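[1] turn this into a model:
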Amino acid sequence: MSNPYAPPINSGDDAERPLASDGRTAQLFQVSPSTLVILYFVTLGLYGLYWFYKHWAVQKRARGLRVSPLARGFFTIFFAHRLFKLIDQTARATGASPRWNSQSQASLYVVLVIVARLILQLGSDGTAALVTSVALSAATVLPLVEAQRVANLANGRSLDADTWID
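    As a prediction, the model looks like this:
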């Protein structure tokens, strides 16, 4: 009799892993840049948290990392540099040579998030502070799009593949 509480033996793990376009296991979360932007704005930026969560969940599975994807998805500003570096390293390991600076894109993301929140908290004029904060928050999607293009490239997709979520 088998133990019903024992974890499955390699039956569900491989089925859960996303596949790249060439049939190999994808090492990064796949989503088209246009889908990323649309979902980011429709959810008022909450998709950004999900985006970080999914990338960390795939990294945990692919690399066997001992991390909490939920915590890293929630505290994005503390883990953005590490994730963008992993995306860059994975792309370069697959033979791609993306023309981006992962650390400057991660820094841009962190600075935009922090400045948007500071302006909202410290702004004396409610309307101007709100508009500026919303504009900066909306701009945080730009570094995510750049990182996703590199992730898709690493997974064997084109930089601008416009397929729906994989």
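
[2] contact partners of stretch 107-126?
    76-77, 80-81, 84, 129-130, 132-134, 136-137, 139-140, 142-144 (CB atoms under 8 Å, 6 or more residues apart in numbering). In this view, the C-beta of every residue, glycine as well, is placed from N, C-alpha and C.

[3] buried ones in that stretch, by neighbour count?
    Of the residues in stretch 107-126, Leu108, Tyr109, Val110, Leu112, Val113, Ala116, Ile119, Leu120 count as buried by neighbour count, 16 or more other CB atoms under 10 Å.

[4] likewise stretch 135-153?
    136-138, 140-141, 143-144, 146-153.

[5] pull the CA atoms of that stretch into CSV?
    Written as CSV, here are the backbone C-alpha positions of stretch 135-153 (Å, rounded to 0.1, in the frame of the first residue of the first chain):
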residue,chain,number,x,y,z
ALA,A,135,2.7,58.1,-14.1
LEU,A,136,5.8,56.8,-12.4
SER,A,137,4.0,53.6,-11.3
ALA,A,138,2.8,53.1,-14.9
ALA,A,139,6.4,53.5,-16.1
THR,A,140,7.5,50.6,-13.9
VAL,A,141,6.2,48.2,-16.6
LEU,A,142,9.0,49.3,-19.0
PRO,A,143,11.8,47.4,-17.2
LEU,A,144,9.6,44.4,-16.8
VAL,A,145,8.9,44.4,-20.5
GLU,A,146,12.6,44.5,-21.3
ALA,A,147,13.3,41.6,-18.8
GLN,A,148,10.4,39.6,-20.3
ARG,A,149,11.8,40.0,-23.9
VAL,A,150,15.1,38.6,-22.7
ALA,A,151,13.3,35.8,-20.8
ASN,A,152,11.4,34.9,-24.0
LEU,A,153,14.6,34.9,-26.0
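
[6] and it, how far from the chain's centre?
    8 Å (CA atoms, centre = their mean, to the nearest Å).

[7] what of stretch 74-91?
    That offset, for stretch 74-91, works out to 8 Å (CA atoms, centre = their mean).

[8] buried residues, it. List them.
    So, applying 16+ other CB under 10 Å, buried residues of stretch 74-91: Thr76, Phe79, Ala80, His81, Leu83, Phe84, Leu86, Ile87, Asp88, Thr90, Ala91.

[9] tell me the phi and psi of the residue lying closest to Leu83 once chain neighbours are set aside?
    Leaving aside its chain neighbours, Leu83 sits nearest to His55 (5.7 Å; criterion: CB to CB, 6 or more residues apart in numbering). Dihedral pair for His55: phi -60, psi -40, per degrees, to the nearest 10.
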